[in-house]
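Visitor: Following is a predicted model, sequence given first.
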Amino acid sequence: MTGKPLRVLLIEDDEDDYLLTRELFADMNGGHKLDWASDFESGLQAMRRQEYDLCLLDYRLGSRTGVELLREASAFGAAMPTILLTGQGEREIDIEAAEAGVSDYLEKGRLDATLLERSIRYARERWRSRQELERRVEQRTAELKWANDELRASEARFRMAVESADIGAWDFNPVAQTLQWSERCKAMFGLTPDAEVSYAIFLDRLHPDDRQRADRAVKASLQPTSDGQYEISYRAQWPDGTVRWIVAKGKAFFDGEGDARRAVRFIGTVRDTTQERETQQRIQNLVEELRVADRRKDEFLAILAHELRNPLAPVRTGLEVMKLAADNPEIVQEVRATMERQVEQLVRLVDDLLEVSRITRGKLELRPRRVELSEVIQSAVEASRPFIDEAGHQLLVSVAPEPVYLNADPHRLAQVVSNLLNNAARYTPDRGVIRLTAEQQDQCATISVKDTGVGIPQEMQDRIFEMFTQIDRSLEKGYRGLGIGLTLVKSLVDLHGGTVEVHSAGENQGSEFIVRLPIWRDEVEGERALPLCDVPAGPHKKQRVLVVDDNRAAADMLGRVVQMLGHEVRTAYDGTQGLEAAAAFQPDVMILDLGMPDLDGYAVAQSIRRQPWGQDIILIALTGWGQAEDRRRTKTAGFDHHLVKPIEPAQLQALLSNESASIMT
């Protein structure tokens, strides 16, 4: 035997056996050093010192056994290659020794130097193999633990990513027909986290129009000939009527080949895309509105260029004629009169443009005073009479005999009536009939302009007052303006707290424009008040009302009306001011314009609702949009009511009087 000499520990309680073993070692060629421990305790202490390369261990050690000693030593971490020496081979002892970690075992009666040397070599090789195996097992165990930890971390990151991306997961077993949904998946279908799910429940929670299509898509993905891919968009419909748009993606897994191939698992995800769709729809609507507005703007600019050239042409020609006919007073006088009319038309064009610009930018200021309705009508008729007479129209005027007083800007109000008369003359064939009626109806002053003209198509009546909207200009008679008169009419009427509407049975059926304005009333104490049309005289409860609108004139006028109804009023002219005023004033009611530049009405409402003092404030949205989606948006933002401009006086009075149940928007 070659190599470095081994230190061998013999644990043996029989001295004769020790001496015999020492002689065997002397006959071996390795020159190994043999130490002897003569009893159980000394042997255990020697093994715990771990100074030896191998241990020869007798099975019988007094009342104890070598296997017991080996187990106790192992418990202390003392381990080394061990050969068990027995009196005779016994299978039970061999099994017990192997389980305790013995590398080999020898019968004392058959022991010789050659067998002992071979057994020592075998025991050490087996020990090294065992140690290497344990090292590899430990290494593999550590690797598996790391892999499991990484897998758990990866799953946690995946769950976090899924939750943050608002994604739900599902797992369907086509064989057992069982379905599992994550909590997020259940929430998308309006189910509680502990709700039971099944394929039937899945189909039941789909919009009726999407069920059959979704069922076909699932079955197609599970077909044996399919690649298992699944992607579909459908609507989930909750029991309360809520509809959510869902995009589902999945993958089916199959067992078997050929005719035996079948789907055994179907997994995937769902994602709520409702907000994305709504955003896309709003963008599309906005793009369409911008496209239409851009087209109208281009048409308007083309019309403006055309109408500016019309009066300029005779002015320029007239100057040349005056040069050539300087010595003919009659011709000069005739040309001068023509040029004066054309210049007046130019002035009217510029005035209309300036008026629209002022109103659009909120720069137009009214100068209201107590004025009689008949005076306004007379002023308007005088302004429009030449225009009406030129076309040969018959104008029938009917004004209430009793005085009707308004709190209005007489010049602006006369401009409203004059524009309506001019519009009637413009779109009425020669020698038509125009009826102008002015009277008091209940608490309103009502002005009606009715003509026998070309009428207004039904599809145009909803937007006839919008900027750049034009009826077919081939129906007009020559030059009569830019077609922005009705925009001015509505804007000025709104500023006076009134309403304007149009009625027409259609083409060649004439049209009628009706303006309703608040009348002037003197209160008992002599204060000037401006009640709203068709509204009871006073509110049931005095409210603190905050009006927020970036249009100063509109905000001030509405605030004045609310104040005259007996309420305490504050006004603010943008969203930031509105929030500051609300915190300081803490109103009972806030009337919020939605389209403000710095902070829109939606953001203001949401901020108000987050404040402890803002929970009970009645929030009223004032907007030009009245579709179902617009009302849904305001409700989501925290508004209680949605009023469409122009504001209906009766609605406002009922809201401020706590009668909103009957007029909920």
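Guide: Perfect, thanks for sending it. This one's a predicted model, so the numbers in the text were calculated from it and none came from an experiment. Residues are numbered from 1 along each chain as shown.
Visitor: any idea how far the residue nearest the centre of the chain is from V243?
Guide: Nearest to the mean C-alpha position of the chain, by CA atoms, centre = their mean, lies Q275 at 4.3 Å. To V243, Q275 is 13 Å away according to CB to CB, to the nearest Å. For glycine as for every other residue, the C-beta is placed from the backbone atoms N, C-alpha and C.
Visitor: Does the residue nearest to the centre of the chain belong to a helix, a strand or coil?
Guide: Under DSSP: H, G, I helix; E, B strand; the rest coil, Q275 falls in the helix class.
Visitor: The one 5 residues further on too?
Guide: Classification of Q280 using three-state DSSP returns helix.
Visitor: tell me the contacts of it?
Guide: Q280 makes contact with no residue, according to CB atoms under 8 Å, 6 or more residues apart in numbering.
Visitor: Next: the one 5 residues further on.
Guide: Neighbouring residues of N285 by CB under 8 Å, 6+ apart: there are none.
Visitor: how close does it sit to V292?
Guide: As for N285, its distance to V292 is 11 Å (criterion: CB to CB).
Visitor: shared neighbours, these two?
Guide: Contact with both N285 and V292 is made by no residue, according to CB under 8 Å, 6+ apart.
Visitor: neighbours around the closest residue to N419 other than its chain neighbours, how many?
Guide: With CB to CB, 6 or more residues apart in numbering as the criterion, N419 has its nearest non-adjacent residue at 4.0 Å, and that residue is G485. G485 has 22 neighbouring residues, counting by other CB atoms under 10 Å.
Visitor: and if you look at the one 3 residues further on?
Guide: The burial count assigned to L488 is 20, neighbours taken as other CB under 10 Å.
Visitor: which SS state does it fall under?
Guide: helix.
Visitor: Now do it against Y573, distance only.
Guide: From L488 to Y573 the distance is 23 Å (CB to CB).
Visitor: wait, what's in contact with the residue nearest to N419?
Guide: Shown in contact with G485 (CB under 8 Å, 6+ apart): D352, N419, L420, N422, N423.
Visitor: how close does it get to V417?
Guide: For G485, the distance to V417 (CB to CB) stands at 11 Å.
Visitor: R570 too?
Guide: Plainly put, R570 is 34 Å away from V417 if you go by CB to CB.
Visitor: Between those two, which is the more surrounded one?
Guide: Neighbours were counted for R570 and for V417 using other CB under 10 Å; V417 has more, 25 against 18.
Visitor: That one against S448, yeah?
Guide: No: at 10.4 Å, V417 does not count as touching S448 under the criterion of CB atoms under 8 Å.
Visitor: all helices for the stretch 101-250 of the chain, in order.
Guide: Assigned by DSSP state H, counting those that start in this stretch, the helices in the stretch 101-250 of the chain fall at 113-164, 183-188, 199-204, 208-222.
Visitor: ok, now the stretch 501-650 of the chain?
Guide: 552-564, 575-585, 601-609, 628-637, 649-656.
Visitor: Dump those helices to a markdown table, plus mean pLDDT, distance to L70 and mean neighbour count.
Guide: Below are the helices of the stretch 501-650 of the chain laid out as a markdown table (pLDDT from 0 to 100; distance: least, CB to CB, whole Å; neighbours: other CB atoms under 10 Å):
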| stretch | mean pLDDT | distance to L70 | mean neighbour count |
| --- | --- | --- | --- |
| helix 552-564 | 78 | 97 | 20 |
| helix 575-585 | 92 | 83 | 18 |
| helix 601-609 | 92 | 76 | 20 |
| helix 628-637 | 84 | 77 | 15 |
| helix 649-656 | 70 | 94 | 22 |
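Visitor: Nearest to S198, out of the ones you listed?
Guide: Taking CB to CB, helix 628-637 is the member of the helices of the stretch 501-650 of the chain nearest to S198, at 31.7 Å.
Visitor: name the helices or strands packed onto the closest one?
Guide: With contacts defined as 3 or more CB pairs under 8 Å, 6 or more residues apart in numbering; DSSP states H and E, the packing partners of helix 628-637 are helix 601-609, strand 618-623, strand 641-644.
Visitor: Show the contacting residues for E402.
Guide: Listed by CB under 8 Å, 6+ apart, the contact set of E402 reads Q440.
Visitor: element containing it, please.
Guide: Per DSSP states H and E, E402 falls between elements, in no helix or strand.
Visitor: per-residue confidence for it?
Guide: pLDDT for E402: 90.
Visitor: Can you pull the phi/psi pair for it?
Guide: Reported as degrees, to the nearest 10, the phi and psi values for E402 are phi -80, psi 150.
Visitor: Please shift the residue numbers so they start at 529 in all later answers.
Guide: Sure, I'll start counting at 529 from here, so that last one is E930.
Visitor: Report the residue ranges of every domain in this protein.
Guide: Structurally, the chain divides into domains by automatic domain parsing as follows: 535-665, 693-800, 814-888, 897-1050, 1065-1191.
Visitor: Okay, now the unreliable bits of the stretch 829-978 of the chain?
Guide: Applying pLDDT under 70 to the stretch 829-978 of the chain flags residues 829-838, 841, 873, 876-877, 879-892.
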